[in-house]
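Q: 3D model of this:
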Amino acid sequence: MQVVNIVKQNLFRDSIQLMKLTEDVKKIGGVDDAVVSMGTDTNRRLLEDLRLLGKEGKGAGDGDLVIAVRVAEGATRDDVMGVVEKMVMSPPAAQGGPKRRVFHSLGAAMQALGGANLAVISVPGTQAFEPSMELLKYGVNIHLFSDHVSKAHEVELKRYASSKGLLVLGPGAGTSIINGVGLGFANSVRRGDVGIVASAGTGIQEASIMLDRIGLGVSHALGVGGTDVSKDVGGTMMKDCLKMLERDESTRIIMVIAKAPAQSVFQDVMLHVEKETTKPVIACFLGLTDAPDLGGRVRYAKTLHSAVAMAAGASGKAANREFKSKVSLSFEDLVKSAKAESAGHRGKYVRGLYSGGTIAHETLLIFRELMGEAYSNTPLSEKFALADPNKSKGNSIVDLGDEFFTAGRAHPMIDPTLRRLRLSQEASDPSVAVILLDIVLGYGSSSDPAGALQNAIEVGKKAARKAGGGLVVMAHVCGTESDPQSLSQQSRKLIEAGAVLFPSNALMACAAALVVGGDAAATNLKKNWGELLG
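A: Just a heads-up that it's a prediction; the model follows:
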């Protein structure tokens, strides 16, 4: 079999297009394996790991498109690559899928669509400002999926939007749910009376699937982007979204989700909550250590799990019962489960391989409470920053959705290839006792994320047994039965592969800490149970 690389200089395709092109190229006769990606350092390393990197690909730059193909035995290189190149170079609209109307200006689109008031923008971040501002001037709300938008442009867009009574959700808004319609990476959840404002995409997903599971559901979930709560931006959209949910008749409880913001922003947001809202508010600022007491109407949650527990408590006995039966575990049951899994395990470290940044952050915070900080490419403190995100050390939690890994390639929720390779790498390390996986379902995610990891889990566990030890693989499926991938089907594949499943990421993180932290972690968990998992 022969590896062929074709490099198209200065040709950009976004991550969704790259993923679809890769899948379509793999189906061409005579193709043994293939990847279509941008020529970043991370992608070239991935191609090398897959044995798909050729001489031409080694010289590709960040802005170049790389077509890497392993031609099957018996196939003719020129014939195969002629078909491949023609497919990749076809205009995106000609590559299959539903027919879409094509407009050559935003003005023409607005005139034709008449009355449209929401636009989703996914272009390179350096090019996002002008179309966003033009649409705002047309009176259109923006869901800005793009990353790498400058702080100055974000501030200008949001100040203008706020002055016009419009929303700019993002940049980097991975998830929103508006009137039951999911944008970006969103799960199929029931309509309900809990409204969410979040600067955390997978935070919305994790909270919304638990709310769905206990019968509460979501009225709207508005993702404002991670930098909205930075000091420069000042929580502009978070406050505007709180105003919207306060006015919204279908919203009874408001939930705020964010990694701990700048202190001045936190104070400003909570002052807004105190003065401008009247509804019960659950504030989950992950990592927050000091919060003002605003009375019984506002409650603070340390984890997403405990935030949903509070929503259940505020909704009555029926929701509480559903939470305890479908989401939560008792301290005794969790300890029992962890002890059963740890029997005969090898190694002493946890390696978390996450596709969701917010739930990876939640795990880091739980570990700090129960057994000390873990290393990460997105650490809680610089002392625990991984020198090379491609190499773990000690207890490590890696966010594979971070910009380091996603520049020029599909997010791991879309393309599981990078995580599958990393899983095999971690499983072969005899010092590893536990591997953690978040399997995020929903619109926009891979059609079979569990299936893509199934073989790697089985092979890793088998190799560990053969070496005389045991490897514990824990997984949390962030999804619902009505998601396109189906919660039950994805769960079944993971169980068949030998993974242990947990109904929330927080429970999984606590169980992992119990396996490697032993009695000390159990003592800390019992002391902090109400705050972490109440």
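Q: any chance you could list what contacts stretch 255-269?
A: Applying C-beta atoms under 8 Å, 6 or more residues apart in numbering, the contact partners of stretch 255-269 are 194-200, 203-204, 207, 226, 229-231, 234-235, 238-239, 242, 273, 281-289, 292, 304, 307, 311, 358, 361. (C-beta placed from N, C-alpha, C; glycine too.)
Q: repeat that for stretch 229-237.
A: 151, 154-155, 158-159, 161-162, 167-169, 199, 222, 224-225, 227-228, 238, 258-259, 261-262, 264-266, 268-269.
Q: rounded mean pLDDT for it, please.
A: Stretch 229-237 carries an average pLDDT of 95.
Q: who's sitting farthest from the centroid in this structure?
A: Residue farthest from the centre of the chain, counting by C-alpha atoms, centre = their mean, is G74 at 41.0 Å.
Q: what sits against it?
A: Contacts of G74 (C-beta under 8 Å, 6+ apart): G30.
Q: which helix or which strand is home to it?
A: Assigned by DSSP states H and E, G74 belongs to neither a helix nor a strand.
Q: just give me the longest helix of the protein.
A: helix 505-533 (DSSP state H).
Q: pull out the buried positions in that helix.
A: Buried positions in helix 505-533, judged by neighbour count with 16 or more other C-beta atoms under 10 Å: 505-517, 521-522, 524-525, 528, 532-533.
Q: what does stretch 469-489 give?
A: Neighbour-count burial for stretch 469-489 flags 470-480, 483, 485-487, 489 (criterion: 16+ other C-beta under 10 Å).
Q: what about the one residue sitting closest to the centre of the chain, distance to A262?
A: Nearest to the mean C-alpha position of the chain, counting by C-alpha atoms, centre = their mean, stands G356 at 2.8 Å. Distance, G356 to A262, by C-beta to C-beta, to the nearest Å: 23 Å.
Q: low-confidence ranges in the stretch 351-500 of the chain?
A: 408 (pLDDT under 70).
Q: and for Q263, the neighbour number?
A: Using other C-beta atoms under 10 Å, Q263 has 11 other residues around it.
Q: against F285, how distant is it?
A: For Q263, the distance to F285 equals 11 Å [C-beta to C-beta].
Q: quick one: the helices in the stretch 1-150 of the chain?
A: Using DSSP state H, counting those that start in this stretch, the helices of the stretch 1-150 of the chain run over residues 15-26, 41-49, 55-58, 77-89, 106-113, 129-137.
Q: looking at those helices, which is closest to V327?
A: Proximity to V327, assessed across the helices of the stretch 1-150 of the chain by C-beta to C-beta, is greatest for helix 15-26 (31.6 Å).
Q: the closest one: which residues count as buried?
A: Buried residues in helix 15-26, counted by 16+ other C-beta under 10 Å: S15, L18, M19, K20, L21, T22, D24, V25.
Q: what's opposite the residue lying closest to the last one once chain neighbours are set aside in the beta bridge?
A: What that stands for is V25. Excluding its sequence neighbours, the residue lying closest to V25 (C-beta to C-beta, 6 or more residues apart in numbering) is A34, at 4.3 Å. On the basis of DSSP bridges, A34 is bridged to V69.
Q: A34 reaches M81, doesn't it?
A: No: if you go by C-beta atoms under 8 Å, A34 and M81 don't touch, sitting 10.5 Å apart.
Q: coming back round to it: for the residue nearest to the centre of the chain, give its distance to T363.
A: 10 Å.
Q: now the residue farthest from the centre of the chain: how far from K26?
A: Noted for G74: a distance of 17 Å to K26, by C-beta to C-beta.
Q: cool, and G401?
A: 23 Å.
Q: can you show me the strands along the stretch 401-534 of the chain?
A: Secondary structure of the stretch 401-534 of the chain (DSSP state E, counting those that start in this stretch): strands located at 432-440, 472-478, 500-501.
Q: quick one: strands adjacent to the last one?
A: Note on strand 500-501: by DSSP bridges, its sheet partners are strand 472-478 (parallel).
Q: any idea how far the strand it pairs with is from the chain center?
A: Chain-centre distance of strand 472-478: 15 Å, with C-alpha atoms, centre = their mean, to the nearest Å.
Q: next, count neighbours for the residue lying closest to E85 once chain neighbours are set aside.
A: Nearest non-adjacent residue to E85, counting by C-beta to C-beta, 6+ apart: I6, 6.2 Å away. By the measure other C-beta under 10 Å, the count of residues near I6 is 19.
Q: and H272, by the same measure?
A: If you count neighbours by other C-beta under 10 Å, H272 ends up with 17.
Q: dump the residue contacts of it.
A: Taking C-beta under 8 Å, 6+ apart, we find H272 in contact with K239, L242.
Q: and it, that's in a helix?
A: Yes: under DSSP: H, G, I helix; E, B strand; the rest coil, H272 sits within a helix.
Q: tell me the spacing between it and V298.
A: 12 Å.
Q: try A387
A: As judged by C-beta to C-beta, A387 and V298 stand 41 Å apart.
Q: okay, these two: which has more neighbours?
A: Neighbours were tallied for A387 and for V298 using other C-beta under 10 Å; the higher tally belongs to V298 (19 against 9).
Q: please name the nearest non-neighbouring residue to the more buried one.
A: Nearest residue to V298 in three dimensions, chain neighbours excluded: V281, at 4.7 Å (C-beta to C-beta, 6+ apart).
Q: mind checking the SS state of the residue lying closest to K279 once chain neighbours are set aside?
A: Sequence neighbours aside, I254 is the residue nearest to K279 in space, at 5.3 Å (criterion: C-beta to C-beta, 6+ apart). What three-state DSSP gives for I254 is strand.
Q: that older thread, and for the residue nearest to V25, the neighbour number?
A: Neighbours of A34 under the rule other C-beta under 10 Å: 24.
Q: just the pLDDT for it.
A: With respect to pLDDT, A34 has a value of 92.
Q: against G226, how distant is it?
A: Distance from A34 to G226, by C-beta to C-beta: 33 Å.
Q: what do you get for R409?
A: Separation of R409 from G226 (C-beta to C-beta): 20 Å.
Q: next one: D448
A: 28 Å.
Q: for these two, work out which one has more neighbours and name it.
A: Between D448 and G226, G226 has the larger neighbour count (other C-beta under 10 Å), namely 23 against 17.
Q: show me the protein divided up by domain.
A: With domains defined by automatic domain parsing, the chain comprises 2-94, 106-326, 331-533.
Q: buried set for stretch 257-277?
A: Applying a neighbour-count criterion of 16+ other C-beta under 10 Å, one finds 257-261, 265-266, 268-270, 272-273, 277 buried in stretch 257-277.
Q: and the nearest residue to I214 once chain neighbours are set aside, its phi and psi?
A: Setting aside the residues directly before and after it, I214 is nearest to E322 in space (C-beta to C-beta, 6+ apart), at 3.9 Å. With angles defined as degrees, to the nearest 10, E322 sits at phi -60, psi -40.
Q: so E322 touches A312, yeah?
A: Yes: the pair E322 / A312 is scored as a contact, 7.1 Å apart, by C-beta under 8 Å.
Q: measure how buried K58 is and give me the count.
A: Per other C-beta under 10 Å, the neighbour tally for K58 reads 14.
Q: that one against R44, yeah?
A: Yes: between K58 and R44 there is a contact under C-beta under 8 Å: 6.7 Å.
Q: right, and L514 touches K336 too?
A: No: applying C-beta under 8 Å as the test, L514 and K336 come out as separate, 9.9 Å apart.
Q: turn the helices of the stretch 1-150 of the chain into a markdown table, including distance to A340.
A: Formatted as a markdown table, those follow (distance: least, C-beta to C-beta, whole Å):
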| stretch | distance to A340 |
| --- | --- |
| helix 15-26 | 38 |
| helix 41-49 | 34 |
| helix 55-58 | 47 |
| helix 77-89 | 49 |
| helix 106-113 | 57 |
| helix 129-137 | 52 |
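Q: which stretch in these has the least confidence?
A: helix 15-26 (a mean of 82).
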